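**Student:** mind looking at a prediction? Sequence and model below.
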2 protein chains.
Amino acid sequence: MLKTKKRYDCAAGCPVEVTLDLIDGKWKGVIVYHLLSGTLRFNEIRRKLPSATQRMLTRQLRELEECGLVLRTVYAQVPPRVDYALTEEGRSLEEIVRAMHAWGERRLERLAQVQAAA
Amino acid sequence: MLKTKKRYDCAAGCPVEVTLDLIDGKWKGVIVYHLLSGTLRFNEIRRKLPSATQRMLTRQLRELEECGLVLRTVYAQVPPRVDYALTEEGRSLEEIVRAMHAWGERRLERLAQVQAAA
DNA sequence: ACCAGTAGTATCACAATGGATACTGTCGGA
DNA sequence: TCCGACAGTATCCATTGTGATACTACTGGT
């Protein structure tokens, strides 16, 4: 999960790696998925990913911000308020993320069937 | 890169994670991408990913095999010959991997433009 | 006799990632 | 007055991922 990978020297398959680099890392894919439905505040995301620690979430969100996939808006309020939204580039991942979601669901179904048979 | 993750407790976004789990890890996405074009032998893959070490490749291939995405066929020959091909489930990733490839290319173009402007 | 190609494994070491826990400061509500 | 919500930081430690290097065993070619 390098912020910007130094070298992409793997020739032909490379662009695949570029994309994976941005959305791998434990929670990033899921965060993007949730943000597809609209802007969320920090603790809203937190509630959607109960098993992620606070530290992990901020880290992943910061990385997404660095890559230009997520826009972070801080309101000068008390109590603090921070909104997270997808940038245009982030939203352009929609097709991929939705495809991964659908595929994952099918995979889970398959696994459940195998489990049931055994 | 857990072989089979124990728990998927992240509620709604979960299937996204399931999919990412299978294809993250430095080389797996790219390996699947190359295998979309057809069966490859070990050293053929190696030549396509010159910056991956031999050990890394075998590990990633083994994990893909464990997940049921890749079929590994060993021929009882000398010199040894091992073929790697996508299983049906592996091939069902085609849409996603191609989408990632296309997106990655667009991203690289964008980055190049920014670079050129600066 | 020697070398390259085949598909790996073994060992060691380091860097990156992930997670647990505790802490910040202000506000509104009970 | 004390507590919880807000959006984080700081610190430390364990786990994983990744990489470098060296090794196996056999064969065919020069």
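**Tutor:** Looks like it came in fine.
**Student:** centre of the chain to the lengthiest helix in chain A, how far?
**Tutor:** For chain A, the helix with the greatest residue count under DSSP state H is helix A:94-117. Relative to its chain's centre, helix A:94-117 lies at 18 Å (C-alpha atoms, centre = their mean, to the nearest Å).
**Student:** tell me the helices and strands packed up against that helix.
**Tutor:** Helices and strands touching helix A:94-117, by 3 or more C-beta pairs under 8 Å, 6 or more residues apart in numbering or on different chains; DSSP states H and E, are helix A:14-23, helix A:28-35, helix B:14-23, helix B:94-117. C-beta coordinates here come from the backbone N, C-alpha and C atoms, glycine included.
**Student:** could you dump the second one to CSV, C-alpha only?
**Tutor:** C-alpha atoms of helix A:28-35 as CSV (Å, rounded to 0.1, in the frame of the first residue of the first chain):
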residue,chain,number,x,y,z
LYS,A,28,-10.0,0.8,1.1
GLY,A,29,-12.1,-1.2,-1.3
VAL,A,30,-14.9,-1.4,1.2
ILE,A,31,-14.7,2.3,2.1
VAL,A,32,-15.0,3.2,-1.6
TYR,A,33,-18.0,0.9,-1.9
HIS,A,34,-19.8,2.6,1.0
LEU,A,35,-18.9,6.1,-0.3
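**Student:** that one vs chain B: in contact?
**Tutor:** Yes - interface with chain B: helix A:28-35 contributes A:29-31, A:33-34 (C-beta under 8 Å from any C-beta of the partner chain).
**Student:** which residues of chain A score low on pLDDT?
**Tutor:** By pLDDT under 70, the weakly predicted segments of chain A are A:1-13.
**Student:** put the alpha carbons of the longest helix of chain A into CSV.
**Tutor:** The C-alpha coordinates for helix A:94-117 follow below in CSV (Å, rounded to 0.1, in the frame of the first residue of the first chain):
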residue,chain,number,x,y,z
GLU,A,94,-17.8,2.4,-9.4
GLU,A,95,-18.0,-0.2,-12.2
ILE,A,96,-15.1,-2.1,-10.8
VAL,A,97,-16.2,-1.9,-7.2
ARG,A,98,-19.7,-3.0,-8.0
ALA,A,99,-18.4,-5.8,-10.1
MET,A,100,-16.2,-6.9,-7.2
HIS,A,101,-19.2,-6.8,-4.9
ALA,A,102,-21.3,-8.9,-7.2
TRP,A,103,-18.6,-11.4,-7.7
GLY,A,104,-17.9,-11.6,-4.0
GLU,A,105,-21.5,-12.4,-3.4
ARG,A,106,-21.5,-15.2,-5.9
ARG,A,107,-18.4,-16.5,-4.4
LEU,A,108,-19.9,-16.5,-0.9
GLU,A,109,-22.9,-18.4,-2.2
ARG,A,110,-20.7,-21.0,-3.8
LEU,A,111,-18.7,-21.4,-0.6
ALA,A,112,-21.9,-21.8,1.4
GLN,A,113,-23.1,-24.5,-0.9
VAL,A,114,-19.8,-26.4,-0.6
GLN,A,115,-20.0,-26.0,3.1
ALA,A,116,-23.6,-27.4,3.2
ALA,A,117,-22.6,-30.4,1.1
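**Student:** tell me the angle that helix makes with helix A:14-23.
**Tutor:** For helix A:94-117 against helix A:14-23, the angle by axes from the mean of the first three to the mean of the last three C-alpha atoms, to 10 degrees is 80 degrees.
**Student:** how about the residues of chain A near DNA strand D?
**Tutor:** Within chain A, the positions adjacent to DNA strand D are A:41-44, A:54-55, A:58, A:61, A:72, A:74, A:79-82 by C-beta under 7 Å from any atom of the strand.
**Student:** swap the cut-off to 6 Å and go again
**Tutor:** Contact residues, chain A versus DNA strand D (C-beta under 6 Å from any atom of the strand): A:41-43, A:54-55, A:58, A:79-82.
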